[in-house]
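Chemist: fold the following.
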Amino acid sequence: MALGSSLHFDAGIAIMRARSSGAKEEAPVAKRANDGFDPKAFLAKVGAGKTILKLAKNKHVFEQGDVADTVFYVQEGRVKLTVLSEQGKEAVVGILEPGQFFGEGCLNGHPLRIATTTTMEACVITSITKEAMIAAIHTEPKFSELFMAYLLTRNSRVEEDLIDQLFNSSEKRLARLLLLLAHFGKEGVPQPILLDVSQETLAEMIGTTRSRVSYFMNKFRKLGLISYNGKIEVHNSLLNAVLHEKPEIERDDSTSKV
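Modeler: Numbering: from 1, shown residues only. Okay, here's the model as predicted:
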């Protein structure tokens, strides 16, 4: 999962480059900025260098090895990020949701895509050319702030994922992933997790086997930490167990490397 998150960080450098390039020749950004500019409305509409993609489930947005010259923004739906190793093993390294960018490595000079993105359901996605993205960063401070805030959030997630992978058992990594997928800690009520996020996908994202995920999911359900009802409902008790190191979630040294 950390690998998927790391794809989003390099573009932070691109913002600094975009702002500094030609800064002496240009008028101050504040004089050219549109005070009424709404970055989300900007991302939702067709315009110069922008197109709106409506994709059905299981469609590739781009594939590993494709030319990287476009940034994407998820308006609706979810997108799965996968990487294929030289040995032919494929792993899910992230799930992208509405409000998230992807493919921004092109802003930092990556010529080719290093992962494949596939829709997990019907999606509405904004495609923005590299040139249009840099122009928006130059001229619209509100858009630049939105993009930078996203990158900083993703960078924090990278660090948390690395710590999680290094120091926590596979059981606790699964508990944390379920909490993240259910949006615990964000505004509003935690959301159910659709069952199309399979146990195999969960296993790939936390670095363990599907059988171990099945075992832990059954354990969480018996303890009342989660429930199944056509969807996975994550309860507050799971969050409490993780935060307070309660015995429901114990370090299992025999399986922590699985």
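Chemist: quick check: next helix or strand after the helix ranked longest in the chain?
Modeler: Longest helix in the chain by number of residues (criterion: DSSP state H): helix 141-167. Next helix or strand after helix 141-167 toward the C-terminus (DSSP states H and E): helix 170-181.
Chemist: quick check: what element follows that following helix along the chain?
Modeler: Going down the chain from helix 170-181, the next helix or strand is strand 193-194, by DSSP H and E.
Chemist: may I have stretch 108-123 as CSV, with CA atoms only?
Modeler: C-alpha atoms of stretch 108-123 as CSV (Å, rounded to 0.1, in the frame of the first residue of the first chain):
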residue,chain,number,x,y,z
ASN,A,108,8.0,15.4,-12.1
GLY,A,109,9.5,14.0,-15.3
HIS,A,110,8.3,10.3,-15.2
PRO,A,111,8.0,9.4,-18.9
LEU,A,112,6.1,6.1,-18.3
ARG,A,113,3.4,4.9,-16.0
ILE,A,114,4.8,2.6,-13.2
ALA,A,115,1.4,1.2,-12.3
THR,A,116,-2.0,0.2,-13.8
THR,A,117,-5.2,1.9,-12.8
THR,A,118,-8.5,0.0,-13.2
THR,A,119,-12.0,1.1,-12.3
MET,A,120,-13.7,-0.8,-9.5
GLU,A,121,-17.2,0.5,-10.4
ALA,A,122,-18.6,3.0,-12.9
CYS,A,123,-16.4,6.1,-12.6
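Chemist: quick one on the thing from earlier: buried set for the longest helix of the chain?
Modeler: For helix 141-167, the neighbour count (16 or more other CB atoms under 10 Å) marks 141-144, 146-147, 150-151, 154, 157-158, 161, 164 as buried. For every residue, glycine as well, the C-beta is placed using N, CA and C.
Chemist: cool, and stretch 204-220?
Modeler: Glu204, Met205, Ile206, Thr208, Arg212, Val213, Tyr215, Phe216, Met217, Phe220.
Chemist: could you verify my assumption that the fourth one touches Lys172?
Modeler: No: applying CB atoms under 8 Å as the test, Thr208 and Lys172 come out as separate, 11.2 Å apart.
Chemist: what's the separation between the residue nearest to Ala56 when sequence neighbours are not counted and Lys54?
Modeler: Leaving out its chain neighbours, the residue that sits closest to Ala56 by CB to CB, 6 or more residues apart in numbering is Ala122, at 5.7 Å. To Lys54, Ala122 is 8 Å away according to CB to CB, to the nearest Å.
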